[in-house]
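> Here is a sequence with its predicted model. Questions after.
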Amino acid sequence: MPHYCTLIPGDGIGPEVAEATVRAVEATGVDIRWKRAELNEAIILESGKTLPQYLLDSLNETRVGLKGPVTTPVAGGFQSVNVALRKTLDLFANVRPVSTLPGIKTRFQDVKIDMVIFRENTEDLYSGLEHEIVKDVVTSLKVITRTASHRIAQYAFEYARRNGRKHVAAIHKANIMKLADGLFLRCCREVAQEFPDIQYKELIVDNASMQLVMRPETFDVLLLPNLYGDIVSDLAAGLVGGLGIVPGANMGETHAVFEAVHGSAPDIAGQGKANPTALMMSSVMLLIHIGEPDAARRLRHAIEAVYLDGTRLTADVGGSASTGEFTDAVLRQLRR
Ligand code: NAI
């Protein structure tokens, strides 16, 4: 039986890393049929719609997507497509495994980093509720609900138990946002009680950021509201070699969309410099999700072998290979 998957190349470096990833997934031999759905700044500006109907129709049919980044204008312009997609499909859990790749040279290469970030994906300051109440005075509403907080905590703890993880750290700023982050924490504590086999601790987000840099090896599962999850993900990516390598999944009850942590990287778009590892690793998560664990394992091992060899790495991780040359090396490993 073939698998059907919506492919959203996105813009910036999106099409480059998406093409590389499609090549890698197809080289595993899995029968996957891509339903291509274009989504980029130009289409959004032309249609006036953040999410075109064909994209939603495709995802409602396939229930699974592989997505490249999409550019969002800063300080104005249209609403983030990424936020809109997560909310519309209720992709409430953003799952981001951050671990050291074998052979990669980083400032932390002597330390074994292996953590999974669970970022609440539908609310918090990403509600987009902003008002200029009088000239030059703006409020931005931070929405935290019991439903969403409980749901992400439950998801993180269940994942931890299923995957033999030992600790969950809830990260917050409830010393200042006593009501909003206080509710988030209360939900995490309630869920933690249902999982006595998993150690639970709480860290204030500023301290957590310092601890992540000082002692990254002590983190296992991180559980965060939307904004802290967004920021801490990039920080964590920096510990293991940068945004070029960290994958992600947006998981809901009915749909799943796999995408890297990184954005559209306009500074290197169209130059063949983008590192496709992050989206390839996201496709490893996708393959597991669609019931192809063997292909997932082979693709992950092929990527790791290219890193161990070290001669075909892209510039962001200290090499000089192009996106295509790195991808060719992954394909060669897959054929072995
Ligand atoms: P970015 O993640 O696009 O880039 C940050 C830095 O990391 C840049 O120097 C870039 O060259 C580098 N980088 C990122 N991915 C890389 C890769 N695969 N290989 C090599 N280098 C890589 O973040 P930035 O510049 O803040 O955002 C650019 C645009 O992307 C914005 O419009 C933002 O809204 C959007 N964005 C979209 C996301 C999504 O679609 N899920 C997520 C994050 C940002």
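Yep, that arrived. Numbers count the residues shown, from 1 in each chain.
> Test my guess that Thr218 contacts Leu212.
No. Counting by Cβ atoms under 8 Å, Leu212 is not a contact partner of Thr218; they are 9.1 Å apart. C-beta: built from backbone N, CA, C; applies to glycine.
> of those two, who's got more company?
In this view Thr218 and Leu212 are compared by other Cβ atoms under 10 Å, and Leu212 has more residues nearby, 23 against 13.
> show me where the stretch 1-150 of the chain has helices.
14-27, 41-47, 53-62, 81-88, 146-162 (DSSP state H, counting those that start in this stretch).
> For the ligand, find the nearest of those helices.
Nearest of the helices of the stretch 1-150 of the chain to the ligand, taken as Cβ to the nearest ligand atom: helix 81-88 at 4.2 Å.
> Now do Glu217: how many residues are near it, please.
14.
> I misspoke; the intended subject was Gly270.
Using other Cβ under 10 Å, Gly270 has 11 neighbouring residues.
> likewise Asp31?
Using other Cβ under 10 Å, Asp31 has 9 other residues around it.
> Alongside the ligand, which residues does the chain contribute?
Contacts of the chain with the ligand, taken as Cβ under 6 Å from any ligand atom, map to 13, 17, 69-72, 82, 243-244, 259, 262-268, 274-275, 278, 316.
> how much space is there between His131 and the ligand?
As judged by Cβ to the nearest ligand atom, to the nearest Å, His131 and the ligand stand 22 Å apart.
> Now tell me what touches stretch 328-336 from outside.
With Cβ atoms under 8 Å, 6 or more residues apart in numbering as the test, stretch 328-336 has contacts from 23-24, 27-28, 280, 298-299, 301-303, 305-306, 309, 311-312, 321.
> before we move on, back to that, got a ChimeraX select line for the buried ones in the residues of the chain next to the ligand?
Here is the ChimeraX command that selects only those of these that count as buried (16 or more other Cβ atoms under 10 Å):
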select :13,17,69,70,71,72,82,243,244,259,262,263,264,265,268,274,275,278,316
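> Restricted to strands, list the residues of the chain next to the ligand.
Under the assignment DSSP state E, those contribute Glu259 to strands.
> Sort out for me which of the contacts of stretch 328-336 are in helices.
Cross-referencing the contacts of stretch 328-336 against helices under DSSP state H gives Arg23, Ala24, Ala27, Met280, Arg298, Leu299, His301, Ala302, Ile303, Ala305, Val306, Asp309.
> From those residues, list the buried ones, please.
Arg23, Ala24, Ala27, Met280, Arg298, Leu299, Ala302, Ile303, Ala305, Val306.
> export these to TSV and tack on pLDDT?
Formatted as TSV, these follow (pLDDT from 0 to 100):
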residue	pLDDT
Arg23	98
Ala24	98
Ala27	98
Met280	98
Arg298	98
Leu299	98
Ala302	98
Ile303	98
Ala305	98
Val306	98
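> Please identify which pair of those residues lies farthest apart.
Arg23 and Ala305 (16.4 Å; Cβ to Cβ).
> Domain-wise, how is this protein divided?
Per automatic domain parsing, the domain ranges recorded for the chain read 1-106+242-336, 118-240.
> Pick the most deeply packed of these.
With neighbours taken as mean count of other Cβ atoms under 10 Å, those reach their highest mean count in domain 1-106+242-336, at a mean of 19.
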